[in-house]
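Asks: sequence and predicted structure, then a few things I'm wondering about:
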Protein chains: 2
Amino acid sequence: METRELRYFVAVAEELHFGRAAQRLGIAQPPLSRAIQQLERRLGAALLDRTSRTVRLTEAGSVLLVEGRAALEAVDAAERRTRRAALPATGGPGLVLVTKANASSALLARLLDAYAAEPGAVPVEVILCGPAEQGRFLREGRADVALLHRPFDSTAGLHTEELGTEGQVAVLPAGHPLTLRAHLHLADLTGLPGLPLPRWPGPDGSYPPGPGPQVRDHAQLLQLIALGRACAVSPESCRAQLHGDLAAVPVLDAPKVTTVIAWPPHSRSRAVADLVRTATGLP
Amino acid sequence: METRELRYFVAVAEELHFGRAAQRLGIAQPPLSRAIQQLERRLGAALLDRTSRTVRLTEAGSVLLVEGRAALEAVDAAERRTRRAALPATGGPGLVLVTKANASSALLARLLDAYAAEPGAVPVEVILCGPAEQGRFLREGRADVALLHRPFDSTAGLHTEELGTEGQVAVLPAGHPLTLRAHLHLADLTGLPGLPLPRWPGPDGSYPPGPGPQVRDHAQLLQLIALGRACAVSPESCRAQLHGDLAAVPVLDAPKVTTVIAWPPHSRSRAVADLVRTATGLP
DNA sequence: GGGCACCGATACCGTGCGGGTATCGATCAG
DNA sequence: CTGATCGATACCCGCACGGTATCGGTGCCC
């Protein structure tokens, strides 16, 4: 199978419309029809149920859509990583680390300091992004390592090492009645009048339906809480970022959060290995 | 990047010889040279250092070799899984489960029984293989699920759920002096006269250097121990397979072994999900 | 040191495949 | 019944891929 065929099929499978898919691919519709037919013949499998009015995925087609997307991602990642490795000075920014904006900043600072002191350390570029995008960055070859937080972030297809676990606290507007309590339970926080839990975007960038404000990062969230428009349950370490308008109360029965360092399973580069070793050896 | 280019490059990078690589690919050498040049131009990166006598990988070339192999594997897996999904009766053998020969047989039997009793269960084909091949089976799309044993087996790039942990025992020839002890430590087993630890093949199928007999599966190993030519440290559950000539003694400081069920991160098929759910719910 | 063998690069040529335009046939809306 | 829509088919063109012949550089060996 050629990546061209895969790209064509994925386009059609996503659009469920040969014309639009062809437009998206920048080719005419007839060659696209033929390419799909040829792919089906080579695979010996019908991928699409098509009448002259509608296109639907077959069982095999659904499999190829998912698997093909993953395969295309792997090819693109290979290309990007090769390009990066070829940049002058043995790879430009050396390492790219991606983490959630405003999360684990203390840990990250310690890690970067400790790694920089290692012999043979290379420059590390830090990318901050929303919670849902980190895995993508790694899988697409845009980044070499990530700091993730289980159980929130998916570690599917990644190598990980645990760096530490912490409890969670409820973040509330200062002065809220609950801030007087020494500790809370999750049940105390559901359905608080006027303080809904926020909604985070899913892996596809869309927000789940329901009440609660839409947020993209922690800074937005904290601002909303300070304004008295939301509350949240966050890892303890976020306390370092709380200012006067916010208060934190431990939530006893919230799941423990584990910070892990993650990297794609193939990248066996010395720099990644060193960084991971440094991270696991942090005090 | 097209898979054709990737295949060409991987062949050359593995052979480090254009002529042999071309022969392996079934094409002539000049088109291969041109294809590599074109790939290098498109990537804007030198992949190979070549004099007229020798070919060597550049930094970027090493990256592309590793990443490209992974990408090709992903493409092949997509193709195989699609073919499987298109077989008559909604996918032929339904599910393919791969596990080490002679390992966790009791757990496997319970799992298969419990799953078969589920509503909507599909036929499960069981493949037994050597310890190093399981990951490959999953990644290449030949199998849907595997039973792995941490920390021995690599779970790189796979989703896993823990099924249970167990201690390890030393497996010794019956009558050996150590079998009289109630328990052992790892130190008791290093350098036992005439009873070396066996060597297992690595992921590439080759054996590490050193003393000790080469074994491919547990049955071979047990036979060697019964003959008084080796000893081994194995998970407790292997006791069920020991016959009169063999004895097991707990090893207190051996690492705990965790049996996990593993599957490739994309396959979100109902059958795999059901099987995993059944497995984690086992008594 | 010169002839030789080896190996990758270059030059040149044919053809098959990927892509384009025009059109058909089926299906649904009104 | 008619027009609109959409995928399939027919046909043609250009190029990129593969093949053969050959060159140029390099290490080896007598």
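Replies: Structure received.
Asks: could you use CA atoms for every contact and neighbour count after this?
Replies: Noted.
Asks: now the strands for the stretch 51-200 of chain A?
Replies: A:55-57, A:95-100, A:124-129, A:145-150, A:159-166, A:168-173 (DSSP state E, counting those that start in this stretch).
Asks: which elements pack onto the fourth one?
Replies: Same thing as strand A:145-150. strand A:95-100, helix A:134-139, strand A:257-263 (3 or more Cα pairs under 8 Å, 6 or more residues apart in numbering or on different chains; DSSP states H and E).
Asks: pull out the buried residues from the longest helix anywhere in chain A.
Replies: In chain A, assigned by DSSP state H, the helix with the most residues is helix A:59-86. For helix A:59-86, the neighbour count (16 or more other Cα atoms under 10 Å in any protein chain shown) marks A:59-86 as buried.
Asks: in terms of mean pLDDT, which of the helices and strands packed on strand A:145-150 ranks lowest?
Replies: The minimum mean pLDDT among the helices and strands packed on strand A:145-150 belongs to helix A:134-139 (a mean of 81).
Asks: now that helix: buried residues?
Replies: With burial defined by 16+ other Cα under 10 Å, the residues of helix A:134-139 counted as buried are A:Q134, A:G135, A:F137, A:L138, A:R139.
Asks: verify the stated contact: the second one with A:S154.
Replies: When you say that, I think you mean A:G135. Yes - contact status for A:G135 versus A:S154: in contact at 7.2 Å, counting by Cα atoms under 8 Å.
Asks: could you give the average pLDDT over stretch A:14-28?
Replies: Predicted confidence along stretch A:14-28 averages 90 (mean pLDDT).
Asks: now tabulate the strands of the stretch 51-200 of chain A in JSON lines and tack on mean neighbour count and distance to A:E236.
Replies: Written out in JSON lines, the entries for the strands of the stretch 51-200 of chain A read as follows (neighbours: other Cα atoms under 10 Å in any protein chain shown; distance: least, Cα to Cα, whole Å):
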{"stretch": "strand A:55-57", "mean neighbour count": "17", "distance to A:E236": "46"}
{"stretch": "strand A:95-100", "mean neighbour count": "23", "distance to A:E236": "15"}
{"stretch": "strand A:124-129", "mean neighbour count": "17", "distance to A:E236": "20"}
{"stretch": "strand A:145-150", "mean neighbour count": "24", "distance to A:E236": "12"}
{"stretch": "strand A:159-166", "mean neighbour count": "17", "distance to A:E236": "6"}
{"stretch": "strand A:168-173", "mean neighbour count": "25", "distance to A:E236": "5"}
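Asks: chain A against DNA strand C: which residues are in contact?
Replies: Residues of chain A lying close to DNA strand C by Cα under 7 Å from any atom of the strand are A:G26, A:I27, A:A28, A:Q29, A:P30, A:P31, A:L32, A:A35, A:T51, A:S52, A:R53.
Asks: which of those sits closest to A:A279?
Replies: Using Cα to Cα, A:G26 is the member of these that lies nearest A:A279, at 45.7 Å.
Asks: burial count for that closest one?
Replies: A:G26 is flanked by 9 other residues according to other Cα atoms under 10 Å in any protein chain shown.
Asks: now do A:V272
Replies: Under the neighbour criterion other Cα under 10 Å, A:V272 is assigned a count of 22.
Asks: give me the angle between the helix or strand encompassing it and strand A:124-129.
Replies: Per DSSP states H and E: A:V272 is located in helix A:270-280. Put simply, helix A:270-280 runs at 70 degrees to strand A:124-129, going by axes from the mean of the first three to the mean of the last three Cα atoms, to 10 degrees.
Asks: re earlier: looking at the helices and strands packed on strand A:145-150, which is closest to A:E166?
Replies: strand A:257-263 (5.4 Å).
Asks: my guess is A:V257 meets A:L163, correct?
Replies: No - A:V257 is not in contact with A:L163 according to Cα under 8 Å; the separation is 10.7 Å.
Asks: how about the residues of the stretch 51-200 of chain A by DNA strand D?
Replies: A:T51, A:S52, A:R53, A:T54, A:V55.
Asks: worst-scoring helix or strand of chain A, pLDDT-wise?
Replies: The helix or strand of chain A with the poorest confidence is helix A:88-91; it has a mean of 54 (mean pLDDT, DSSP states H and E).
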